[in-house]
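K.L.:
this is the structure alone, sequence omitted:
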């Protein structure tokens, strides 16, 4: 009986450690906050430019929050610099880019 209780305690502890580590990992997608997006047309314009970036599978937008969620193709990761440039080409300015390769509040170098 005591061996089973010890085993269950160890399994529970391991589960908690794994959950904590999973929460520390950056997201598999990139969240981009922009400065000026005010309407669905602006979101569409920026989204179309983001789709042109290599490795982008899908893009979701929230106009009210001025945010985009960029999901990568399996096994690929779009360049933070290319994502930043895409937003600028769509006549807006990123204020924050947060993804697997880091958090950027200025244009990434690569």
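P.N.:
Sure, I can see it. Predicted model, so just to flag it, every value in this text is computed and none were measured. Numbers count the residues shown, from 1 in each chain.
K.L.:
isn't residue 90 up against residue 41?
P.N.:
No: the pair residue 90 and residue 41 fails to qualify as a contact (Cβ atoms under 8 Å) at a distance of 10.9 Å. All C-beta atoms are positioned from the backbone trio N, CA, C, and that covers glycine.
K.L.:
tell me which of the two has more neighbours.
P.N.:
The neighbour count for residue 90 versus residue 41, taken as other Cβ atoms under 10 Å, is higher for residue 90 (20 against 10).
K.L.:
that one: what's it in contact with?
P.N.:
Under the criterion of Cβ atoms under 8 Å, 6 or more residues apart in numbering, the neighbours of residue 90 are 42, 45, 46, 48, 49.
K.L.:
SS state for the fourth one?
P.N.:
Using DSSP: H, G, I helix; E, B strand; the rest coil, the structure places residue 48 in helix.
K.L.:
tell me where this structure has helices.
P.N.:
Assigned by DSSP state H, the chain shows helices spanning 2-24, 40-51, 80-89.
K.L.:
what's the offset of the shortest one from the middle of its chain?
P.N.:
Relative to its parent chain, helix 80-89 has a centroid offset of 14 Å by Cα atoms, centre = their mean, to the nearest Å.
K.L.:
redo the contacts of residue 90 as a markdown table? Include neighbour count.
P.N.:
Shown next, in a markdown table, are the contacts of residue 90 (neighbours: other Cβ atoms under 10 Å):
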| residue | neighbour count |
| --- | --- |
| 42 | 18 |
| 45 | 17 |
| 46 | 25 |
| 48 | 13 |
| 49 | 20 |
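K.L.:
make a markdown table from the residues you listed and add pLDDT to it.
P.N.:
A markdown table is the format used below for the contacts of residue 90 (pLDDT from 0 to 100):
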| residue | pLDDT |
| --- | --- |
| 42 | 95 |
| 45 | 96 |
| 46 | 97 |
| 48 | 97 |
| 49 | 98 |
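K.L.:
what are the bridge partners for residue 59, then?
P.N.:
Beta-bridge partners for residue 59, by DSSP bridges, are residue 70.
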